[in-house]
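Trainee: Build the 3D model from these lines:
(2 chains)
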Amino acid sequence: MTCQTIAALLATGRPDTPATIQGWVRTRRELKEFTFVEVNDGTCLANLQVVINPSLANYRQLVDGLGTGTAVEIQGQLVASPAKGQRVELQATQVTLYGTADPETYPLQKKRHSFEFLRTLGHLRPRTNSFGAMFRVRNACAAAVHRFFQERGFLWVHTPILTASDCEGAGEMFTVTSLDLDHLPYTPAGRVDYQQDFFGRPAYLTVSGQLEAEIMALALSRVYTFGPTFRAEKSNTSRHLAEFWMIEPEMAFCDLHGDMDLAEAFLKFVFQAVLDHCPEDMAFFNQRIDPTVLATAEQIIQTPFERITYTDAIRHLQNANHPFEYPVEWGLDLQSEHERYLAEVLFQRPVIVTDYPVGIKAFYMRLNDDEQTVAAMDVLVPRVGEIIGGSQREERLNVLERRIQGQGLALDNYWWYLDLRRYGSVPHAGFGLGFERLVQFLTGMGNIRDVIPFPRTPDSIDF
RNA sequence: UCCUCGGUAGCUCAGUGGUAGAGCGGUCGGCUGUUAACCGAUUGGUCGUAGGUUCGAAUCCUACCCGGGGAGCCA
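Mentor: Reported below is the predicted structural model:
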């Protein structure tokens, strides 16, 4: 393989050495004496400028074929560029045209396109500057997530995608079946007979790996999940996907404070890693997408997060000289506007709110001694609101049974979850965050559909 | 699901009852090193769909379809 990446050539390529690149033409500028072609291979944001001289065989034919979108291999000599704008450029000696792209019909033009339009071109939008930058940042972010946990002794555990647990309480579930939907079997009572289905009972796509992660943590001490998650809610918003990736660390012998420390360290680590690995891409987002992206990243990395209780947060909000659309009252959940006020206006930094009322949080969160609140924590950040939600889990069998029943749920469905409290129970804690929302927060991208290669949303599953 | 805004050329949009427009893109020509190159010319339309009002509808009315933004729910 004599071919080099454009990223490597632009960064460290030495002038007056031979080089071969493979990629796609972004733009062609034809002058009287020769032609400039900019080629991108996805390894970095910048294109490599190639000079095509008329001395090349079939010059006219070559240049005509080098329209935007064409796949090419170009051999030549890397030379110092005599003009501003690039350190080096490639003086072509041989050009191989692979697939050409008819400029009359190729949808990507040499101009800015709206993200809305590019969403209709899911197969071509990775070839744009914005999506190239976004996918590189997404990759760096994913790699940083693994590195963060691996360096701290967490095991990556693979929790199931198919589940029979319809009681995770985290949202609407997709049903998975091998039954012929046009000829469903029925019980004598007239209901669908799931005994004849693949698993002999109803099955679903997972909405969370947390409960299974707790199983693993109570044997392996520190684990995390990082995998696909599915929600069938008909939420048509810039923050929701039907298929998304979720990260859920879980730690045995850990309380809420350890959980908060981990969450804060996690965000700082990931932001620093992405800045280190994708400086050009992040600069691009700061320049073209959201001018606060870099400042936000610096703040996340350098500023200690504020930590307050829900009760104090309510007090702050009630004393705030700020009109809220929704009421602020102890016992009600914080709305987006409240979360953003805390992070953006009051503290102007990330805020971890803890100890929420028992009535608005899930049954598995540990009941505090006041019996009014649970050991929950939400990390609120400017511009986004809640980015991480977590809790210390209820490890006491009798309390957990009471909580499950108190929410009208059947204990039988949780027999194995209760067993964890019956045998070798221990205080443990964890949190969850949506990977795409993290990428949104990093890049400033407004719509979650533009931070995942192939978004799945209600009535939309193209590509 | 609710609220709201929108759908006009390949793209981004203007046009609010009287001949369908601009910029960009594409094409052709020009240009001695360009950087979203530049200059000139040119090409380009079932005005989302179906009805209705009117002498006349992109424009007004009704229904539907699709999309954006916001809310709720959540990650």
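
Trainee: Going along the chain, name the strands of the stretch 251-400 of chain A.
Mentor: A:306-309, A:351-357, A:373-381, A:385-392 (DSSP state E, counting those that start in this stretch).

Trainee: Ok, which of those strands comes nearest RNA strand B?
Mentor: strand A:385-392 (5.2 Å; Cβ to the nearest atom of the strand). Placement of C-beta: from N, CA and C, glycine included.

Trainee: Which strand in chain A has the most residues?
Mentor: Of all segments of type strand in chain A, defined using DSSP state E, the longest is strand A:17-30.

Trainee: Go through the helix or strand just after that one and flag the buried ones.
Mentor: Per DSSP states H and E, the first helix or strand lying C-terminal to strand A:17-30 is strand A:35-40. In terms of neighbour count (16 or more other Cβ atoms under 10 Å), strand A:35-40 has its buried residues at A:Thr35, A:Val37, A:Glu38, A:Val39, A:Asn40.

Trainee: and A:Asp378, how far is that from A:Gln302?
Mentor: 22 Å (Cβ to Cβ, to the nearest Å).

Trainee: what about the two, which has more around it?
Mentor: A:Asp378 (24 against 11; other Cβ atoms under 10 Å).

Trainee: I'd say the more buried one and A:Gly389 touch.
Mentor: Yes - the criterion here is Cβ atoms under 8 Å, and A:Asp378 meets it with A:Gly389 at 5.1 Å.

Trainee: which non-adjacent residue is nearest A:Phe324?
Mentor: A:Glu337 (5.7 Å; Cβ to Cβ, 6 or more residues apart in numbering).

Trainee: ok, now which ones touch the one you found?
Mentor: A:Phe324, A:Glu325, A:Tyr326 (Cβ atoms under 8 Å, 6 or more residues apart in numbering).

Trainee: repeat for A:Val381
Mentor: Contacts of A:Val381 by Cβ under 8 Å, 6+ apart are A:Leu267, A:Thr296, A:Ile300, A:Ala343, A:Pro350, A:Val351, A:Ile387, A:Phe441.

Trainee: returning to that earlier point: just the strands of the stretch 251-400 of chain A: most buried one?
Mentor: Ranked by mean neighbour count, these are led by strand A:373-381 with a mean of 25 (mean count of other Cβ atoms under 10 Å).

Trainee: could I get that strand in CSV with only the CA atoms?
Mentor: Taking C-alpha atoms only, strand A:373-381 is exported to CSV below (Å, rounded to 0.1, in the frame of the first residue of the first chain):
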residue,chain,number,x,y,z
THR,A,373,-36.1,12.0,48.9
VAL,A,374,-34.0,9.5,47.0
ALA,A,375,-30.2,9.4,46.3
ALA,A,376,-30.6,10.5,42.7
MET,A,377,-28.4,12.9,40.8
ASP,A,378,-28.8,14.7,37.5
VAL,A,379,-25.9,16.5,35.8
LEU,A,380,-27.2,19.7,34.2
VAL,A,381,-25.2,21.5,31.6
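
Trainee: and the angle for that strand with strand A:351-357?
Mentor: 150 degrees (axes from the mean of the first three to the mean of the last three Cα atoms, to 10 degrees).

Trainee: Tell me how far the residue located most distally from the centre of chain A lies from RNA strand B.
Mentor: What lies farthest from the middle of chain A is A:Ser55; by Cα atoms, centre = their mean that is 48.6 Å. Counting by Cβ to the nearest atom of the strand, to the nearest Å, the gap from A:Ser55 to RNA strand B is 12 Å.

Trainee: Can you name the residues of the stretch 351-463 of chain A sitting close to RNA strand B?
Mentor: Within the stretch 351-463 of chain A, the positions near RNA strand B by Cβ under 7 Å from any atom of the strand are A:385-389, A:432-434, A:436-437, A:446-449, A:459-460.

Trainee: Show me the shaky parts of the stretch 1-150 of chain A.
Mentor: When residues are selected by pLDDT under 70, those of the stretch 1-150 of chain A lie in A:1-2.

Trainee: can you pull out the helices in the stretch 51-200 of chain A?
Mentor: A:59-65, A:115-119, A:129-151 (DSSP state H, counting those that start in this stretch).

Trainee: Of those helices, which is nearest RNA strand B?
Mentor: helix A:115-119 (3.5 Å).

Trainee: Could you list every helix and strand that the closest one packs against?
Mentor: If you count contacts as 3 or more Cβ pairs under 8 Å, 6 or more residues apart in numbering; DSSP states H and E, helix A:115-119 packs onto helix A:129-151.

Trainee: Can you list the buried residues in the helix it packs on?
Mentor: A:129-138, A:140-142, A:144-145, A:148-149.

Trainee: Can you give the contact residues for that helix?
Mentor: Here helix A:129-151 has contacts from A:40, A:42, A:44-45, A:115, A:118, A:125-126, A:156, A:222, A:224, A:226, A:247, A:249, A:265-266, A:269-270, A:273-274, A:277-278, A:280-282, A:284-285, A:288-289, A:435, A:438-439, A:442-443, A:445, A:450-453, using Cβ under 8 Å, 6+ apart.

Trainee: picking that back up, which members of the buried residues of strand A:35-40 additionally contact RNA strand B?
Mentor: Answer for those near RNA strand B (Cβ under 7 Å from any atom of the strand): A:Glu38.

Trainee: A:Thr96 contacts A:Gly76, correct?
Mentor: No - between A:Thr96 and A:Gly76 there is no contact under Cβ under 8 Å: 11.6 Å.

Trainee: More neighbours: these two, which one.
Mentor: A:Gly76 (21 against 12).

Trainee: picking up where we left off before, switch the helices of the stretch 51-200 of chain A over to a markdown table; also include distance to RNA strand B.
Mentor: Formatted as a markdown table, the helices of the stretch 51-200 of chain A follow (distance: least, Cβ to the nearest atom of the strand, whole Å):
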| stretch | distance to RNA strand B |
| --- | --- |
| helix A:59-65 | 7 |
| helix A:115-119 | 4 |
| helix A:129-151 | 10 |
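
Trainee: for those, which one sits closest to A:Ile360?
Mentor: helix A:129-151 (28.5 Å; Cβ to Cβ).

Trainee: In PDB, could you pull the C-alpha coordinates for the closest one?
Mentor: Output of helix A:129-151 as PDB, limited to C-alpha atoms (Å, rounded to 0.1, in the frame of the first residue of the first chain):
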ATOM      1  CA  ASN A 129     -17.500  18.800   5.800                       C
ATOM      2  CA  SER A 130     -20.000  18.900   8.600                       C
ATOM      3  CA  PHE A 131     -20.700  15.200   8.700                       C
ATOM      4  CA  GLY A 132     -17.100  14.200   8.200                       C
ATOM      5  CA  ALA A 133     -16.200  16.300  11.200                       C
ATOM      6  CA  MET A 134     -19.100  15.000  13.100                       C
ATOM      7  CA  PHE A 135     -18.300  11.300  12.500                       C
ATOM      8  CA  ARG A 136     -14.600  11.800  13.400                       C
ATOM      9  CA  VAL A 137     -15.700  13.500  16.700                       C
ATOM     10  CA  ARG A 138     -18.300  10.800  17.300                       C
ATOM     11  CA  ASN A 139     -15.600   8.200  16.900                       C
ATOM     12  CA  ALA A 140     -13.100  10.000  19.100                       C
ATOM     13  CA  CYS A 141     -15.900  10.400  21.700                       C
ATOM     14  CA  ALA A 142     -16.700   6.700  21.600                       C
ATOM     15  CA  ALA A 143     -13.000   5.700  21.900                       C
ATOM     16  CA  ALA A 144     -12.600   8.100  24.800                       C
ATOM     17  CA  VAL A 145     -15.600   6.500  26.600                       C
ATOM     18  CA  HIS A 146     -14.000   3.100  26.400                       C
ATOM     19  CA  ARG A 147     -10.600   4.500  27.400                       C
ATOM     20  CA  PHE A 148     -12.000   6.300  30.400                       C
ATOM     21  CA  PHE A 149     -13.600   3.200  31.800                       C
ATOM     22  CA  GLN A 150     -10.900   0.800  30.800                       C
ATOM     23  CA  GLU A 151      -8.200   2.900  32.500                       C
END
